[in-house]
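K.L.:
Return a 3D structure for these sequence lines:
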Amino acid sequence: MSVLPYLVAGWLFLVGCHGLVTSRNLVHAVACLTVTQSATYVLLLAVGFRAGATAPVFSDIPVGTRVVDPVVQALTLTDIVVSATITAVLLALTIQIHKRHGTVNPDELRALRD
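P.N.:
Numbering: from 1, shown residues only. Here you go, the predicted structure:
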């Protein structure tokens with residue numbers, strides 16, 4: 001078992017979080033959130049991986065053959081769909097903020113509240 005996928009997932013998470021903290025643009029923040037969410041794909045696939053296993057299609061393989069966990073694959077696909085939906089909604093909100101306030105800089109938007 002390799003530790004590399006777990007390191008990649010941690011690295012993606014840290015890079016995305018760093019971008020979120022240092023972002024001065026809402027579009028950049030949404031992109032960084034997407035990178036952070038992609039760490040979960042790598043983590044889920046790493047958890048469900050089995051060396052020497054085959055795809056979870058049970059119609060043409062002999063009984064007792066090792067297969068990859070299909071639940072983890074389904075969770076990963078669901079995570080991708082949810083991530084795409086969240087990204088679309090956040091970008092739509094960013095467009096509306098830009099139309100209403102003329103900026104996508106969070107610091108300038110904070111000044112509007114005062």
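
K.L.:
any idea of the mean pLDDT for the longest helix seen in the chain?
P.N.:
Scanning the chain for the longest helix, with DSSP state H as the assignment, gives helix 70-101. For helix 70-101, the mean per-residue pLDDT is 93.

K.L.:
Now that helix: buried residues?
P.N.:
Buried residues in helix 70-101, defined by neighbour count with 16 or more other Cβ atoms under 10 Å: 72, 75, 76, 79, 83, 90, 94. Placement of C-beta: from N, CA and C, glycine included.

K.L.:
try stretch 2-16
P.N.:
5, 9, 12, 13, 16.

K.L.:
ok, the fourth one to residue 71 distance?
P.N.:
Residue 13 is 22 Å from residue 71, where distance means Cβ to Cβ, to the nearest Å.

K.L.:
same question, the third one
P.N.:
In this view, residue 12 and residue 71 are 22 Å apart by Cβ to Cβ.

K.L.:
ditto for the last one
P.N.:
Spatial separation of residue 16 from residue 71 under the definition Cβ to Cβ is 25 Å.
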